[in-house]
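Asker: The sequence and its predicted three-dimensional model are supplied below.
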Amino acid sequence: MKYYVISGERSGDLHAGNLIKALKKEDQQADVRAWGGDYVQEAGAELVVHYRELAIMGFLEVLKSIFKIRRYLKFCEKDILQYQPDVVILVDYGGFNMRMARFCKANGVKVYYYIAPKVWAWNQARAKKLKATVDQMFCILPFEQAFFKKYDWEVDYVGNPVMDAVNAHHVDENFISKYKLPTDKKIIALLPGSRKQELAKMLPTMKEVVANFPQYHFAIGAINNFDHSVYGEIADLDNVSLVHEDTYNLMAHAQAAIVTSGTATLETALWNVPQVVAYKMGKLNYEIGKLVIRVGYISLVNLIADREVVKELVQHDMNAEQIGEELKQLMTGNRRTEVLNGYAEVRSILGDQNASENTAKLMVSYLK
């Protein structure tokens, strides 16, 4: 069968790549064309567009890029009709993919959605639009089943692919020597995000934190797509190293982490690394967000646990003083134990299913 997969951003690319590998095991004749990145390409898909071409975040940034997005939407529509897939598989990336779902529905193309858009977080009425345009939804967060049930929609919970990726990773025992990291200092991971807008907001504050903790060594989870200069002056400090595209090995060796909100918060939890979540956006984006967001937390860890497991420092609270205070408590003592116990709770809620394999088996069986 022919599969057309659309993913955006680094995490979507990773999960789409693992899904494609699983699909090829279930369907020996699978032919896959995909939007994504290195992971989908390595999985054997023909890459159409790399996600870095559409790495846009924030309400204002999307508005500024509206004509560029429209061009890519039109190109994608034309490409799908020419390819004539048995199914279009949408992976996360709600803004773009929900539009593609409508197009596919209007043109009689079957649509599966893997990793639901976070419609439960804001503008929940979008759930009705998803139900009207998507043939089957495959969710990775346990509470999403109950959410969509409110709209009389039975969806599949398939497990969480982040747990699959963490469990499958083989730790590089030569990591410390490979990156010339010190052996006499504890390592703290800095995960400032994968978009330039995030780096611009996060790195100046992270630099202040680093300056206040000379007794530790900080390692930044860096992205290959960005030039060294993007990481600015913080990368040149004596107790800072850049670790390119090797976040899981960094997590395996870190004592604590400062993490920008997103998938990385869950990855950090599943690696059992105590973390403080820090996030900042432009003032107007923040004010708009306050009006529309309908959930009490920004990190997946707290959303899954439905309580505060990790400290979230957002906007004005995201400063070197508050981050540093939480970091001190995470390194030793009761606070560290509290967070690790919360992580165990999150793992229990997620379960131990293999999301990629489960999803591939369900998709192929539904198609047959």
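Answerer: Received the coordinates, thanks.
Asker: Return the backbone torsion pair for the residue nearest the centre of the chain.
Answerer: Nearest to the mean C-alpha position of the chain, by CA atoms, centre = their mean, lies residue 263 at 3.4 Å. Phi and psi for residue 263, reported as degrees, to the nearest 10, are phi -60, psi -30.
Asker: Just to check, it is in contact with residue 162?
Answerer: Yes. Using CB atoms under 8 Å, residue 263 is in contact with residue 162, at 6.3 Å. To be clear about C-beta, it is placed using only N, CA and C from the backbone, and glycine gets the same treatment.
Asker: Please enumerate the strands of the protein.
Answerer: Remark: strands assigned in the chain by DSSP state E are 2-7, 31-36, 46-50, 87-91, 111-114, 136-139, 156-157, 187-191, 217-222, 240-244, 256-260, 275-279, 311-314.
Asker: Name the residues of stretch 103-120 that come out as buried.
Answerer: 103-105, 109-120 (16 or more other CB atoms under 10 Å).
Asker: now stretch 187-199
Answerer: Result for stretch 187-199 [16+ other CB under 10 Å]: buried residues 187, 188, 189, 190, 191, 192, 193, 194, 195, 197, 198, 199.
Asker: contact partners of it?
Answerer: Stretch 187-199 is contacted by residues 9-10, 55, 57-58, 61, 181, 202-203, 206, 210, 213, 216-221, 223, 226, 230-231, 240, 247, 250-251, 253-260, 262, 264, 268, 273, 327 when judged by CB atoms under 8 Å, 6 or more residues apart in numbering.
Asker: when you check these against the helices, which ones overlap?
Answerer: Using DSSP state H, the members of these that fall within helices are 9-10, 61, 202-203, 206, 210, 247, 250-251, 253, 264, 268, 327.
Asker: If any of the residues you listed are buried, put those into a PyMOL selection.
Answerer: Per 16+ other CB under 10 Å, the buried members of these correspond to this PyMOL selection:
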select buried, resi 9+10+202+203+206+210+247+250+251+253+264+268+327
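Asker: What is the nearest of the ones in helices among the contacts of stretch 187-199 to residue 349?
Answerer: residue 268 (16.5 Å; CB to CB).
Asker: does the closest one really touch residue 257, like I thought?
Answerer: Yes. At 5.1 Å, residue 268 and residue 257 qualify as touching, with contact defined as CB under 8 Å.
Asker: Now list whatever residues contact both of the two.
Answerer: Common contacts of residue 268 and residue 257 (CB under 8 Å, 6+ apart): 189, 191, 251, 275.
Asker: For the residues you listed, give me a markdown table that also has pLDDT and distance to residue 28.
Answerer: Formatted as a markdown table, the shared contacts of residue 268 and residue 257 follow (pLDDT from 0 to 100; distance: CB to CB, whole Å):
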| residue | pLDDT | distance to residue 28 |
| --- | --- | --- |
| 189 | 98 | 40 |
| 191 | 97 | 38 |
| 251 | 98 | 35 |
| 275 | 98 | 41 |
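Asker: which of those residues lies closest to residue 98?
Answerer: Of all those, residue 98 sits closest to residue 191, with 27.5 Å by CB to CB.
Asker: Mind listing the residues bridging to that closest one?
Answerer: According to DSSP bridges, the partner residues bridging residue 191 are residue 259.
Asker: And it, how close does it get to residue 304?
Answerer: Separation of residue 191 from residue 304 (CB to CB, to the nearest Å): 18 Å.
Asker: ok, now residue 127?
Answerer: With distances taken as CB to CB, residue 127 is found 19 Å from residue 304.
Asker: do the same with residue 348
Answerer: Residue 348 sits 10 Å away from residue 304 when distances are taken as CB to CB.
Asker: And the two? Which one has more around it.
Answerer: Shown here are residue 348 and residue 304; by other CB atoms under 10 Å, residue 304 has more neighbours (23 against 10).
Asker: Next up, the contacts around the nearest residue to residue 88 once chain neighbours are set aside.
Answerer: Among residues not flanking residue 88 along the chain, residue 4 sits closest, at 4.7 Å (CB to CB, 6 or more residues apart in numbering). Shown in contact with residue 4 (CB under 8 Å, 6+ apart): 32, 33, 34, 79, 80, 83, 85, 87, 88, 89.
Asker: Could you check the pLDDT of the fourth one?
Answerer: As summarised for this prediction, residue 79 has a pLDDT of 98.
Asker: Could I get the buried residue list for stretch 139-158?
Answerer: Buried-residue list, stretch 139-158, by 16+ other CB under 10 Å: 139, 140, 141, 144, 147, 148, 153, 155, 156, 157, 158.
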